[in-house]
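Asker: Predicted coordinates and the sequence they were generated for:
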Amino acid sequence: MKTKTIYRIFVDYEKEEKWLNEMAQSGWALESFLLMRYVFKQVEPGTYTYRIELLSNLPSHPESKAYMAFLDEVGIEVVDASYRWIFLRKRTSDGPFQLYSDFDSMIQREKRIIQLYGAVLAANFVVVVANLSNPYAQWTVLLNIAVVAMLAYAVQHHTRKVRTLKGLKAIGEMKSSD
């Protein structure tokens, strides 16, 4: 069985998910993930559809374990986990693969992402401030500034998405009350 390893960085899980699905359409199924390292195996093109989910807790937490067991029961495979992110796949032949069907759960997902990115952003900002006067930490400061900038962009992107989802929810509620 042929495998391939690709190194790539994503800040936006939607772009990452789209890329994983493009890889699957080309016949490459994700087998594992670690930091920026994606390992794929060759399969029949279009075999799987992928989704990426941010758990409320670590995968070892009882709530996360129960959720992943539920996913398994409905034919969704957990391919790999990285911190609280899990990579999911479902056979394309089993039909559409959507994790969320209502605005409230989509909004909660985005808020979890904002909370995670915000915490990492704050920690990196503290490192930047702490190392500003340290001449030996110039590269660390530059790296942390880059991380802060990427995460600030991601937080802003997801905050806009929450506003959009809330607006769509309000429009839907107005239409249903007519």
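Answerer: Cool, got the structure. Owing to the predicted nature of the structure, the values given are computational and were not obtained by experimental measurement. Numbers count the residues shown, from 1 in each chain.
Asker: State the pLDDT value of the residue positioned nearest the centre of the chain.
Answerer: The chain has residue 13 as the residue nearest its centroid, 3.9 Å off, counting by C-alpha atoms, centre = their mean. With respect to pLDDT, residue 13 has a value of 88.
Asker: Please name the nearest non-neighbouring residue to it.
Answerer: For residue 13, ignoring the flanking residues on the chain, the nearest one in space by C-beta to C-beta, 6 or more residues apart in numbering is residue 52 at 4.8 Å. Every C-beta, even on glycine, is put in place using the N, C-alpha and C of the backbone.
Asker: Need the CA coordinates for the helix or strand where the one you found lies. CSV is fine.
Answerer: Residue 52 belongs to strand 48-54 when assigned by DSSP states H and E. Extracted C-alpha coordinates of strand 48-54, given in CSV (Å, rounded to 0.1, in the frame of the first residue of the first chain):
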residue,chain,number,x,y,z
TYR,A,48,-14.1,9.1,2.3
THR,A,49,-15.4,12.5,3.4
TYR,A,50,-13.6,14.3,6.2
ARG,A,51,-14.6,16.6,9.0
ILE,A,52,-12.6,18.3,11.7
GLU,A,53,-14.1,18.8,15.2
LEU,A,54,-12.9,20.6,18.3
